[in-house]
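1. Next comes the sequence, and after it the predicted model I'd like to discuss.
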Amino acid sequence: MNQSSPYKHLLTPLDLGFTTLANRVLMGSMHTGLEEEKDGFDKLAAFYEARAKGGVGLIVTGGISPNIRGRLAPLGCELSKFWHVNKHKKITSAVHKYDTKICVQLLHAGRYAYHPFSVSSSKVKSAINPFTPSAMSVRQIKSTIKDFAHSTKLAQKAGYDGVEIMGSEGYLINQFSCIRVNKRTDEWGGSIENRMRFAVETVKAVREKVGKAFIIIFRLSMLDLVEGGNSWEDVVTMAKAIEAAGATLINTGIGWHEARVPTIATSVPRAAFTWITQRMKQEVSIPLITTNRINTPEVAEDVLANGHADMVSMARPFLADPEFVQKAAANQSNQINTCIGCNQACLDHVFKQKRASCLVNPVACYETELHFNNVVKPKNIAVVGAGPAGLAFSVYTAQRGHNVTLFDKANEIGGQFNFAKQVPGKEEFYETLRYFNEQLKRHEITINLSTEVSAQALLDEGFDEVVLATGIIPRKLALKGFEHPKVKSYLNVLRDKDVIGNKVAIIGAGGIGFDIACYLAEEKSLTNDADAWMKNWGVDKNYQGAGALLPKAESHKSEREIYLLQRKETKVGAGLGKTTGWIHRATLQKNNVHMIPGVTYKEVNDKGLLISVNGEEKLLEVDHVIICAGQQPERTLYQTLVDAQANVHLIGGANVAAELDAKRAIRQAAELASLI
Ligand code: FAD
Ligand code: NAP
Ligand code: SF4
């Protein structure tokens, strides 16, 4: 490693005694959905191989159950039979072509298992799962510990360098270690010594089975962030016992899945939780891994240089860019496609039992299916619109060898991402635009900004193909008073910076309605102020009580009175992202935003907005009515080009505006680029 590298801590090897990791980067465990797909292990092997080739020091696979009851879902993946070994060998042999080690994560879901045979320390149902677990008998406990050991033996046979035992995020081992679920009165419940027995016995059994030269990572819940979570003293007692039981490394776990504190969403400050790993460093001597919202080499380097941990775990950043480490090592971090923490294509998919991918990198988990092969005969291609669709198409197409000319009528690239990035908590969206700017330069794409190109101009240039990525136009409503000066579009707020009054009604509670409500409610973003963010969400950095929760969150209320309205009778925000919708709703609740479903809009007049709800008329005396009522495709150029028999394609919002998001826009662009 080059000693003058700005990432010298990150790129320093880690000697574990019996083996050495090439650097301090761990690719954290992610379930991709490929585990359960037909031929999924071939695709998984290609997925992990790309990350190994990209220089990751240590990979941890997605969670795999040591037995049938511990499966996350009825058909969830299991490593318990000899015949499972061969398919895992595909992964380990692909990864071991490079100087990368790989551990399989053993995860028993406990009461988070989405099937009727779930088990836990006690019969206590989770609010986020409809199935009530049965309480494990002592016999079941002992056989489950044996199952962990047996799985580990199989992992060793499959060529893994180690295992990670999942003891956090509210899964089975965590359900034993905390009184939140563990109500037992036998030797497996009660005192911390009893509650951690399951974890400690598991580590001992695993170590005994595989000998000294095998990595055992224990993922320890250092912050439970739930009522009935452990105290700091309990966590330390457990860490020491885990170390003594034979773990090689301890990884940091933050928050149960049912915690009401965001832990990885984009609005969480970067590296927000590494302080807890730093605190643990004073208590144990084996190397510690820290995690959560670390998404650039600079942040990771700082964490290590400041002594917060010995290794850094990043998971989603490796969906976004498999070459993260390689680019950092080549001092090209500006070329990294940064994970923006949106969860839209990764976690949201997994929770809906769909294959994971990445909003900014649609190749993730599609390594064997989506290719950008070099072209034999380059074409001249015009792309109109430099929003996410046009940018992605231009870059992938130029990468193949075509000549691309990109037009946008705006004076900067980015399309609607320029509005998204202004919303408090969405600052990461800047990174995607930085990445695309770099790629446009790198692939020598001709860019014409401030150019509202006409169909005739495109025809005159004689392009071989024309791709229209012209996006959307906000929907106009047939509402009495729609032309009243009180009525504004979300573009007037975010693009034109119109001054907005203190009383506001927002028509439309989709993604943009929520974002506008947040923009108008939050005086300043907390994403760059980790301490204020912790207080706002009720996290106690002094760890005075169980689960590190403050008795009461210190939330700032908005000065504005905001009404967020929708016609549907369903809960406002029901259509937002599976793993992030609750955060948006909670943020608005903290700001006293009135969220009203079942609204009929009557009229905008000098007094405000007249609506009816459940047949009852109400006048909302507001200064402004902001329209966030969806969008329609912008296709002004399309018909002329079709009539002139040009080879014309529509992508992104220009193609279908309904339910459009950047994930669909970028994937559609990539798929067209792979074919054109
Ligand atoms: P656009 O981004 O609309 O880009 C179209 C481009 O075409 C524009 O730059 C425009 O100037 C240009 N153009 C149009 N006509 C012409 C012409 N004749 N000549 C030259 N140029 C032209 N999506 C998500 O997935 N996640 C989010 O969290 C998210 N948050 C959002 C928050 C806000 C506030 C907004 C407004 C949108 C958000 N979106 C989000 C939606 C996302 O930004 C869009 O789905 C995405 O930008 C659509 O991409 P596009 O390339 O199809 O169109
Ligand atoms: P949207 O999510 O489709 O929401 C449109 C809203 O307008 C709905 O609440 C709808 O609810 C209402 N509406 C539709 N037609 C109407 C009409 N004729 N009169 C009155 N109300 C009407 O669209 P969006 O908010 O414009 O967002 C665009 C896209 O950007 C979305 O698809 C979203 O995926 C993406 N986005 C995502 C995020 C994110 O965080 N993931 C954030 C912002 C944007 P009713 O019909 O019930 O009134
Ligand atoms: Fe990151 Fe969003 Fe990609 Fe998930 S989908 S890896 S959160 S950028």
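-> Structure's in. What do you need? Ligands and ions are numbered 1, 2, ... in the order given.
2. got the phi/psi numbers for the closest residue in space to residue 464 that isn't next to it in sequence?
-> Nearest non-adjacent residue to residue 464, counting by C-beta to C-beta, 6 or more residues apart in numbering: residue 379, 3.9 Å away. Every residue, glycine included, has its C-beta placed from N, CA and C. Backbone torsions for residue 379, taken as degrees, to the nearest 10, come to phi -110, psi 160.
3. Surely residue 379 is in contact with residue 405?
-> No: Residue 379 lies out of contact with residue 405 (C-beta atoms under 8 Å); the separation is 11.3 Å.
4. Quick check: the residue nearest to residue 464 vs residue 306, distance?
-> Applying C-beta to C-beta, to the nearest Å, the value for residue 379 to residue 306 is 50 Å.
5. Could you check how many residues crowd around the residue of the stretch 1-150 of the chain found nearest ligand 3?
-> In the stretch 1-150 of the chain, the residue that lies nearest ligand 3 is residue 30 (8.6 Å; C-beta to the nearest ligand atom). Neighbours of residue 30 under the rule other C-beta atoms under 10 Å: 22.
6. and it, what does it touch?
-> 62, 315-316, 319, 346, 350, 356 (C-beta atoms under 8 Å, 6 or more residues apart in numbering).
7. Now, of those residues, which are buried?
-> Buried subset of these (neighbour count, 16 or more other C-beta atoms under 10 Å): 62, 315-316, 319, 346, 350, 356.
8. would you turn these into JSON lines with pLDDT, secondary structure and distance to residue 424?
-> As requested, those are exported to JSON lines (pLDDT from 0 to 100; DSSP: H, G, I helix; E, B strand; the rest coil; distance: C-beta to C-beta, whole Å):
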{"residue": "62", "pLDDT": "97", "secondary structure": "strand", "distance to residue 424": "32"}
{"residue": "315", "pLDDT": "98", "secondary structure": "coil", "distance to residue 424": "25"}
{"residue": "316", "pLDDT": "98", "secondary structure": "helix", "distance to residue 424": "21"}
{"residue": "319", "pLDDT": "98", "secondary structure": "helix", "distance to residue 424": "25"}
{"residue": "346", "pLDDT": "98", "secondary structure": "coil", "distance to residue 424": "22"}
{"residue": "350", "pLDDT": "94", "secondary structure": "helix", "distance to residue 424": "27"}
{"residue": "356", "pLDDT": "98", "secondary structure": "coil", "distance to residue 424": "27"}
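9. Residue 601 touches residue 506, doesn't it?
-> No: if you go by C-beta under 8 Å, residue 601 and residue 506 don't touch, sitting 11.6 Å apart.
10. tell me, what's touching those two both at once?
-> residue 565.
11. Please identify which of those two sits among more neighbours.
-> Neighbours were counted for residue 601 and for residue 506 using other C-beta under 10 Å; residue 506 has more, 30 against 21.
12. tell me which residues in the helix or strand harbouring the more buried one are buried?
-> According to DSSP states H and E, residue 506 maps onto strand 503-507. Of all the residues in strand 503-507, those buried under the rule 16+ other C-beta under 10 Å are 504-507.
13. got the contact list for it?
-> Contact with strand 503-507 is made by 477, 479, 513, 516-517, 520, 560-565, 601, 608-609, 620-629, as judged by C-beta under 8 Å, 6+ apart.
14. For the closest residue to residue 399 other than its chain neighbours, report the pLDDT, please.
-> Nearest residue to residue 399, sequence neighbours excluded (C-beta to C-beta, 6+ apart): residue 372, at 5.3 Å. The model reports residue 372 with a pLDDT of 97.
15. Next, count neighbours for residue 372.
-> Counted with other C-beta under 10 Å, residue 372 comes out at 16.
16. Can you name every helix or strand that the biggest strand by length in the chain contacts?
-> As assigned by DSSP state E, the longest strand anywhere in the chain is strand 215-223. Applying 3 or more C-beta pairs under 8 Å, 6 or more residues apart in numbering; DSSP states H and E, we find strand 215-223 packed against strand 101-106, strand 162-167, helix 197-210, helix 232-245, strand 249-254, helix 274-281.
17. Let me have these in TSV, extended by distance to ligand 2 and mean neighbour count.
-> Formatted as TSV, those follow (distance: least, C-beta to the nearest ligand atom, whole Å; neighbours: other C-beta atoms under 10 Å):
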stretch	distance to ligand 2	mean neighbour count
strand 101-106	28	25
strand 162-167	28	27
helix 197-210	36	21
helix 232-245	33	19
strand 249-254	22	26
helix 274-281	26	20
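18. Okay, now stretch 211-230: how far is its last residue from its first?
-> Distance across stretch 211-230, first residue to last, is 31 Å (C-alpha to C-alpha, to the nearest Å).
19. Could I get the buried residue list for it?
-> Result for stretch 211-230 [16+ other C-beta under 10 Å]: buried residues 214-226, 229-230.
20. ok so, going back, the longest strand of the chain relative to helix 197-210, how many degrees between them?
-> Interaxial angle, strand 215-223 versus helix 197-210 (axes from the mean of the first three to the mean of the last three C-alpha atoms, to 10 degrees): 170 degrees.
21. Would you mind checking the average pLDDT for strand 215-223?
-> Confidence for strand 215-223, expressed as mean pLDDT, is 98.
22. could I get it in PDB with only the CA atoms?
-> Extracted C-alpha coordinates of strand 215-223, given in PDB (Å, rounded to 0.1, in the frame of the first residue of the first chain):
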ATOM      1  CA  ILE A 215     -12.800 -16.600  11.600                       C
ATOM      2  CA  ILE A 216     -15.700 -16.200  14.000                       C
ATOM      3  CA  ILE A 217     -17.300 -12.700  13.900                       C
ATOM      4  CA  PHE A 218     -20.000 -12.100  16.500                       C
ATOM      5  CA  ARG A 219     -22.400  -9.300  15.600                       C
ATOM      6  CA  LEU A 220     -23.300  -7.800  19.000                       C
ATOM      7  CA  SER A 221     -26.200  -5.500  19.600                       C
ATOM      8  CA  MET A 222     -24.300  -2.500  21.100                       C
ATOM      9  CA  LEU A 223     -27.400  -0.300  20.900                       C
END
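23. So in that sheet, which strands flank it, and in what orientation?
-> strand 162-167 (parallel), strand 249-254 (parallel) (DSSP bridges).
24. For the residue in the chain that ligand 2 sits nearest to, give me its contacts.
-> Closest residue of the chain to ligand 2, C-beta to the nearest ligand atom: residue 510 (2.0 Å). Applying C-beta under 8 Å, 6+ apart to residue 510 gives the contacts 575, 628, 630.
25. Point out the residues in the stretch 351-500 of the chain that sit beside ligand 3.
-> Residues of the stretch 351-500 of the chain that fall close to ligand 3, judged by C-beta under 6 Å from any ligand atom: 358-360.
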